[in-house]
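In: I need the structure of the sequence given here:
(one chain, ligands or ions: 1)
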Amino acid sequence: MKRRKIVAGNWKMNNDLNEALGLVTEIKGIVKDEVRNDAEIILFPPYISLASIAKNIEKHPILLGAQNVHQENVGAYTGEISVSMLKSVGCSYVIIGHSERRQYFSEDNELLNLKIKRAISGGLVPIYCIGETLEERENGDFWDVLKTQLWEGLEGISAEIAPEKMVIAYEPVWAIGTGKTASTEQAQDVHSYIREELAEIFSPETAAQIRILYGGSVKPDNAKELFSAPDIDGGLIGGASLKSRDFCEIIKAVG
Ligand code: PEP
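Out: Predicted coordinates for the structure are as follows:
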């Protein structure tokens, strides 16, 4: 079964509204003129730009997502944003469990599991991020870390809905924003391990359909090789998604 590749741009806390609209306009132009593959392109700007970007990309195949979401759908949670709010401004995806959320905002697997369930039941596709720190990689614990992140984060989600309603992103923390990329072999080994675990959590059929993205210093010059690995179904791009030319070269690397 062919899995359609995804190229997702996580803008993090970058770009005010004008800058965001400028960047998306550039990306749209390059995609229209130069991209000939069927990559699914998703942008994750800061919340404040979502509604305006949704209007800007109307009639364009680019999709929109949010960088985070609250686990409840309504209520007294000052400063938070819900799944239905994100849907109402045109989002179809949401990143859940990015390592910066785990590290700086103490989000753990139990909380992330609630967020994933809320996203799925409210009609957003979660991109669930997992990944080990440098220390965990070096001391060899990382297989267990990844396993726990998967089993706890995906607890209670049914095999039937998983393939279309969920994406996994493997983002080794030591490769995010550092310029250090996992080698294609390192990334492929982990992706194939993730797919084996997904087969245990759900079923082999379901696992074969779930898309697993790689994230961590993906750039125009390493994207093609990474995307050619059998279990790497695209990329979650941070730094390089802030430059229209680099981001579009990465989209083109899908083939
Ligand atoms: C990310 O933050 O998800 C990421 C992969 O960042 P970068 O591409 O900058 O390493």
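In: for the host helix or strand of residue 115, the distance to its chain's centre please.
Out: Applying DSSP states H and E as the criterion places residue 115 in helix 109-122. Centroid displacement of helix 109-122 relative to its chain, using CA atoms, centre = their mean, to the nearest Å, is 15 Å.
In: Mind pulling the model confidence for the residue in the stretch 151-255 of the chain that the ligand sits nearest to?
Out: Of all residues in the stretch 151-255 of the chain, residue 238 sits closest to the ligand, at 2.1 Å by CB to the nearest ligand atom. Bear in mind the C-beta positions are built from the backbone N, C-alpha and C, glycine included. Listed pLDDT for residue 238 reads 97.
In: Determine the number of other residues adjacent to it.
Out: 23 (other CB atoms under 10 Å).
In: just the CA coordinates of the helix holding residue 115, formatted as PDB?
Out: Taking C-alpha atoms only, helix 109-122 is exported to PDB below (Å, rounded to 0.1, in the frame of the first residue of the first chain):
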ATOM      1  CA  ASN A 109       2.700  11.000  27.700                       C
ATOM      2  CA  GLU A 110      -0.500  10.800  29.800                       C
ATOM      3  CA  LEU A 111      -1.500  14.400  28.900                       C
ATOM      4  CA  LEU A 112      -0.500  13.900  25.300                       C
ATOM      5  CA  ASN A 113      -2.700  10.800  25.100                       C
ATOM      6  CA  LEU A 114      -5.700  13.000  26.200                       C
ATOM      7  CA  LYS A 115      -4.800  15.600  23.600                       C
ATOM      8  CA  ILE A 116      -4.500  13.000  20.800                       C
ATOM      9  CA  LYS A 117      -7.900  11.500  21.800                       C
ATOM     10  CA  ARG A 118      -9.500  15.000  21.800                       C
ATOM     11  CA  ALA A 119      -8.000  15.800  18.400                       C
ATOM     12  CA  ILE A 120      -9.200  12.600  16.800                       C
ATOM     13  CA  SER A 121     -12.700  12.800  18.300                       C
ATOM     14  CA  GLY A 122     -13.000  16.500  17.200                       C
END
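In: returning to what we had before: identify the residues contacting the residue of the stretch 151-255 of the chain closest to the ligand.
Out: 10, 12, 176-177, 215 (CB atoms under 8 Å, 6 or more residues apart in numbering).
In: the helices in the stretch 101-250 of the chain, which residues?
Out: Assigned by DSSP state H, counting those that start in this stretch, the stretch 101-250 of the chain shows helices spanning 109-122, 134-138, 142-153, 162-165, 184-201, 204-209, 220-227, 244-252.
In: Give me the distance between the residue of the stretch 151-255 of the chain closest to the ligand and residue 119.
Out: 21 Å (CB to CB, to the nearest Å).
In: for residue 172, same thing?
Out: On the measure of CB to CB, residue 172 and residue 119 end up 23 Å apart.
In: Repeat that for residue 187.
Out: 25 Å.
In: next one: residue 25
Out: Distance from residue 25 to residue 119, counting by CB to CB: 28 Å.
In: Those two: which has the busier surroundings?
Out: Remark: of residue 25 and residue 119, residue 119 carries more neighbours, 27 against 13, as counted by other CB under 10 Å.
In: isn't that one right next to residue 91, touching?
Out: No - the pair residue 119 / residue 91 is not scored as a contact, 9.9 Å apart, by CB atoms under 8 Å.
In: beta partners for the spatially most central residue of the chain?
Out: Centroid check for the chain by CA atoms, centre = their mean gives residue 127 as the closest residue, at 4.4 Å. For residue 127, the beta-bridge partners are residue 95, residue 167 (DSSP bridges).
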